[in-house]
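Peer 1: below: sequence and its predicted model.
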Amino acid sequence: VQLVESGGGLVQPGGSLRLSCATSGFTSSDYAVGWARQVPRKGLEWVSGIYSDGITYYADSVKGRFAISRNNAKNTVYLEMNALKPEDTAVYYCAAERIPLHGSVWPPVASFGSWGHGTQVTVSS
């Protein structure tokens, strides 16, 4: 399983970015893919996730501002981020795990075994 993130950068507060996670090495129909972020001296926190059947998860802090989607034909998962705030500044990672059926809650970070190298998002004026 390989995951490669792209699309990070510097954006002003209120701006938008779209992150992409190019995936390979697994069958899209079996895997859930999530986006997590990390700031210095803090652990990884989930931002959003999407199951193979399209069911999505969002952290409360990004609901209404971020949107996750997946294009199985292109083996890519996207995270559209709008109305960005300085507190969204972090390294964003995508992760994948074989979860054929969606659960009632999004699995914890430790449940995901495949991770990309991350992309930096900086929200600053």
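Peer 2: Now that the structure is in, tell me what you want to look at. These figures come from a predicted structure and were not determined experimentally.
Peer 1: state the distance from P107 to V1.
Peer 2: When C-beta to C-beta, to the nearest Å is the yardstick, P107 and V1 sit 16 Å from each other. Every residue, glycine included, has its C-beta placed from N, CA and C.
Peer 1: scratch that, A67 is what I was asking about
Peer 2: Taken as C-beta to C-beta, the span from A67 to V1 is 24 Å.
Peer 1: how about V105?
Peer 2: In terms of C-beta to C-beta, V105 sits 23 Å off from V1.
Peer 1: likewise for E80?
Peer 2: For E80, the distance to V1 equals 24 Å [C-beta to C-beta].
Peer 1: ok, now which ones touch the spatially closest residue to S114 that is not a sequence neighbour?
Peer 2: Distances taken as C-beta to C-beta, 6 or more residues apart in numbering put V1 closest to S114, at 4.0 Å, once the chain neighbours are dropped. Neighbouring residues of V1 by C-beta atoms under 8 Å, 6 or more residues apart in numbering: 23-26, 96, 113-114.
Peer 1: identify the farthest-apart pair in these.
Peer 2: Spatial extent of those (C-beta to C-beta) is set by the pair S24 and G113 at 15.3 Å.
Peer 1: who's in contact with the helix or strand hosting V33?
Peer 2: In the assignment (DSSP states H and E), V33 maps to strand 31-38. With contacts defined as C-beta under 8 Å, 6+ apart, strand 31-38 is touched by 19, 21, 23, 44-52, 57, 68, 70, 77, 79, 88, 90-99, 102, 106-107, 109, 112, 118, 121.
Peer 1: L44 is in contact with C94, isn't it?
Peer 2: No. The pair L44 / C94 is not scored as a contact, 11.6 Å apart, by C-beta atoms under 8 Å.
Peer 1: more crowded one of those two?
Peer 2: Of the pair L44 and C94, C94 is the one with more neighbours under other C-beta atoms under 10 Å, namely 31 against 18.
Peer 1: what residues are bridge-paired with that one?
Peer 2: W35 (DSSP bridges).
Peer 1: so it versus P86, what's the distance?
Peer 2: Here the distance between C94 and P86 works out to 22 Å (C-beta to C-beta).
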